[in-house]
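Asker: Predicted model and sequence below, questions to follow.
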Amino acid sequence: MSKKGRVLVAMSGGIDSTVSAVMLHEQGYEVVGITMKTWDYASSGGSKKETGCCSLDSINDARQVAVDLGFHHFIIDIREEFGDFVIKNFVEEYLAGRTPNPCVLCNTHIKWEALLRRADMLDCEYIATGHYAQLRCENDRMVISKGLDENKDQSYVLWGVSQQCLRRTIFPVGSYRKSVIRQMAREMGYVALANKPESYEICFVPDNDYRGFLKRQSPGLEEQLSGGNFVDVHGNVLGKHRGYPFYTIGQRKGLGVAFGKPMYVVQIIPETNTVVLGEERDLERNGMWVGNFNLQKYETLPGRVNAITKVRYKHEGESSVIEQQGDKIRVEFMAPVSAIAPGQSAVFYENNDVIGGGIIFSSFNIHAPVKTNQQAVHV
């Protein structure tokens with residue numbers, strides 16, 4: 001056994017996990033590669049060719065690295081547990097009028113747990129992934145911080161990983177810029193990988209058409225829910241829609257109705273199959289409730305804490321005060337934030353460190369609610 005230890009590397013066949021495996025091998029770790037088959041896109045009825053981490057080409061790319069360097073490589077099929085949990089949640093969240101983030105759920109409940117189980121079976125002390133994030137131990141707690149390359153930082157999707165998992169985790173590329181990783185791949189001889197375009201799609205929706213995916217997963221859904229009302233923030237009926245699950249908070253394009261001015265989805269009410277539309281200013285909120293949270297930097301929040309809070313992956317973050325109240329965290333923003341979507345993840349930062357995160361339960365404005373003249377529509 002290597003003096004550095006034995007590490008199980010999650011290998012998707014992409015550049016980041018490939019370079020991670022090679023780096024660890026060169027650093028003296030005994031590397032074992034593992035590729036997880038999470039989804040068979042053809043089974044969903046999609047039209048696009050299977051790509052990304054679950055494709056045969058990607059699996060072969062991962063295996064080739066193991067052959068080149070002489071370490072073991074395994075393929076595990078976790079499609080059943082992935083589908084039962086991640087896909088089911090994805091569909092159920094949209095049917096509940098929320099906007100899920102399946103990557104967070106997959107990392108938290110599927111990939112890390114699956115990796116740890118296999119690591120134990122293969123006598124691996126550590127697990128490693130190609131995520132752009134950094135990790136350190138402080139006050140006996142494992143703290144995730146942003147990757148050096150903020151344009152590639154993936155700390156947002158890691159808020160739910162437990163302390164138990166983090167204590168055995170390594171992020172080899174987190175302290176590098178993506179441009180450097182590409183150059184390293186070229187120098188390692190993996191030129192094709194270095195030039196491979198990146199995908200930002202959900203792995204099981206590679207055509208990026210989540211509405212089509214919902215229809216395939218729930219046949220008859222559009223026919224069942226079409227004809228609901230578009231209403232304005234005062235409850236006035238503006239037209240008919242195709243079914244509330246096919247809309248997301250902040251959406252402007254694809255509404256199917258002309259209004260003479262830009263209109264946005266500001267609220268979804270599943271109980272009445274209602275989609276509330278408003279102007280851009282109607283999307284702004286200065287508070288929200290976050291549930292199902294996981295704290296990383298602190299065991300419990302020490303009272304009211306100043307934090308930068310991100311409400312979606314590409315959000316730059318807004319200054320806020322967070323406070324734990326029972327099983328939820330109350331967030332008060334210093335300036336209004338647009339398009340806060342229930343179901344998305346909220347992640348709290350202290351400088352570059354992840355304090356923790358959770359699922360957005362609801363948003364609000366701290367001032368008195370706007371009165372409506374017809375149905376109850378909260379702005």
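Answerer: Ah, there it is. Numbers count the residues shown, from 1 in each chain.

Asker: by contact count, what packs against the lowest-mean-pLDDT helix or strand in the chain?
Answerer: Using mean pLDDT, DSSP states H and E, the weakest-scoring helix or strand in the chain turns out to be helix 79-82, at a mean of 85. Counting contacts by 3 or more Cβ pairs under 8 Å, 6 or more residues apart in numbering; DSSP states H and E, helix 79-82 packs against no other helix or strand. For the C-beta atoms, the positions are set from N, CA and C on the backbone; glycine is no exception.

Asker: repeat that with 10 Å
Answerer: With contacts taken as 3 or more Cβ pairs under 10 Å, 6 or more residues apart in numbering; DSSP states H and E, helix 79-82 sits against strand 30-37, helix 102-106, helix 112-121.

Asker: and the first one, what does it pack onto?
Answerer: Meaning strand 30-37. strand 6-10, helix 15-26, helix 56-69, strand 73-77, helix 79-82, helix 112-121, strand 126-128.

Asker: any idea of the angle it forms with helix 56-69?
Answerer: 170 degrees (axes from the mean of the first three to the mean of the last three Cα atoms, to 10 degrees).

Asker: mean confidence for strand 30-37?
Answerer: Averaging pLDDT along strand 30-37 gives 94.

Asker: Next: stretch 229-248.
Answerer: 94.

Asker: In it, which residues are buried?
Answerer: Counting neighbours by 16 or more other Cβ atoms under 10 Å, one finds that the buried residues in stretch 229-248 are 229-233, 238, 241-248.

Asker: Kindly report the same for stretch 23-34.
Answerer: In terms of neighbour count (16+ other Cβ under 10 Å), stretch 23-34 has its buried residues at M23, L24, H25, Y29, E30, V31, V32, G33, I34.

Asker: According to the record, where do the domains of this structure fall?
Answerer: Domains of the chain are assigned by automatic domain parsing as 6-194, 220-278, 282-364.

Asker: Reformat the ones you listed as a markdown table; add distance to F213.
Answerer: Converted to a markdown table, the domains of the chain look like this (distance: least, Cβ to Cβ, whole Å):
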| stretch | distance to F213 |
| --- | --- |
| domain 6-194 | 6 |
| domain 220-278 | 11 |
| domain 282-364 | 16 |
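
Asker: Which one of those domains lies nearest to G212?
Answerer: domain 6-194 (7.4 Å; Cβ to Cβ).

Asker: That closest one spans what distance, first to last residue?
Answerer: 27 Å (Cα to Cα, to the nearest Å).

Asker: Quick one: neighbours of D84, just the number.
Answerer: D84 is flanked by 11 other residues according to other Cβ atoms under 10 Å.

Asker: show me the contacts for it.
Answerer: Neighbour list for D84: I110 [criterion: Cβ atoms under 10 Å, 6 or more residues apart in numbering].

Asker: what's the answer for the one 3 residues further on, then?
Answerer: I87 makes contact with T38, W39, S44, R79, P102, F204, F213, Q217 under the criterion Cβ under 10 Å, 6+ apart.

Asker: phi, psi of the first one?
Answerer: When read as degrees, to the nearest 10, the backbone of T38 gives phi -100, psi -20.
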